[in-house]
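Enquirer: just to be clear, the model below is a prediction. Sequence and coordinates:
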Amino acid sequence: MIFENLRYRVAHLLLRRKQAGFNRQKALYDFASAKNVGILTAVQDEAGIAHVKEFLSYLARNSVKYTVFGYFIGKTIPENFLYLKDMDFITSDDLSFFYIPEGDNIQKFIDEQFDMLINCNIANHFPVEYIAQLSHAKCKVAIMREKAHGYDLLIDISKERTIDYFLKNLVVYLTNLKISK
């Protein structure tokens with residue numbers, strides 16, 4: 001446990017070092033103005049993925065293009081998740097010794113100029129947070145938590161910490177928010 005905590009501390013230090021020279025163009029978007037959205041998730045079960053898929057249907061109905069990137073704890077992606085359309089996943093095999101996600105698909109996601117990045121990481125897994133913090137998205141949205149920084153909009157879900165509750169509140173806020181450009 002002590003050794004694992006040390007690895008995470010080094011991981012956070014490496015992330016802060018990488019963020020030091022990081023600069024992104026910031027802008028605020030709502031669902032009416034966002035055309036390209038990146039979504040990060042660490043859903044581990046069928047019910048959670050069902051909520052994400054329902055949210056993706058909402059985005060598609062509103063002509064919002066999306067890219068989904070998920071993280072699974074463990075070394076393999078469960079078979080029932082392998083055939084999900086429009087979703088890319090990583091596992092612990094895709095992480096460095098310090099829990100930093102590695103690979104061309106990860107760097108491509110980080111470099112993508114999304115109008116909006118939505119971090120649906122309920123459990124605050126470091127690999128997902130790493131990707132979110134380094135993303136070049138213009139607007140970053142996440143769950144409100146104690147050490148959440150680098151985001152443009154935080155949604156408080158302290159009443160019910162579930163993916164369903166977060167996504168429903170996200171739709172309410174970003175549908176009613178009116179951005180004038």
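Expert: Perfect, thanks for sending it.

Enquirer: isn't residue 67 up against residue 111?
Expert: No - Residue 67 lies out of contact with residue 111 (CB atoms under 8 Å); the separation is 11.9 Å. C-beta coordinates here come from the backbone N, C-alpha and C atoms, glycine included.

Enquirer: neighbour count winner among these two?
Expert: Counted by other CB atoms under 10 Å, residue 67 and residue 111 do not tie: residue 67 has more neighbours, with 17 against 10.

Enquirer: quickly find the element holding that one.
Expert: Assigned by DSSP states H and E, residue 67 belongs to strand 65-71.

Enquirer: strand partners of that strand, parallel vs antiparallel please.
Expert: Strand 65-71 pairs in its sheet with strand 36-41 (parallel), strand 87-90 (parallel), by DSSP bridges.

Enquirer: Serialize those strands to TSV and add fields for mean pLDDT, distance to residue 73 and mean neighbour count.
Expert: Output for the strands paired with strand 65-71, formatted as TSV (pLDDT from 0 to 100; distance: least, CB to CB, whole Å; neighbours: other CB atoms under 10 Å):
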stretch	mean pLDDT	distance to residue 73	mean neighbour count
strand 36-41	96	12	22
strand 87-90	86	11	18
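
Enquirer: closest to residue 119 out of the ones you listed?
Expert: Proximity to residue 119, assessed across the strands paired with strand 65-71 by CB to CB, is greatest for strand 36-41 (4.8 Å).

Enquirer: mind checking what helix or strand follows that closest one in sequence?
Expert: With elements assigned by DSSP H and E, the helix or strand that comes after strand 36-41 is helix 46-61.

Enquirer: return that following helix as CSV; C-alpha atoms alone will do.
Expert: Taking C-alpha atoms only, helix 46-61 is exported to CSV below (Å, rounded to 0.1, in the frame of the first residue of the first chain):
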residue,chain,number,x,y,z
GLU,A,46,-23.4,-2.7,-18.0
ALA,A,47,-25.8,-0.4,-16.2
GLY,A,48,-23.2,2.5,-16.3
ILE,A,49,-22.5,1.9,-20.0
ALA,A,50,-26.3,1.9,-20.7
HIS,A,51,-26.5,5.5,-19.2
VAL,A,52,-23.5,6.6,-21.2
LYS,A,53,-25.1,5.2,-24.4
GLU,A,54,-28.4,7.0,-23.6
PHE,A,55,-26.4,10.2,-23.3
LEU,A,56,-24.6,9.5,-26.6
SER,A,57,-28.0,9.1,-28.2
TYR,A,58,-29.0,12.5,-26.8
LEU,A,59,-25.9,14.0,-28.4
ALA,A,60,-26.5,12.3,-31.7
ARG,A,61,-30.1,13.6,-31.8
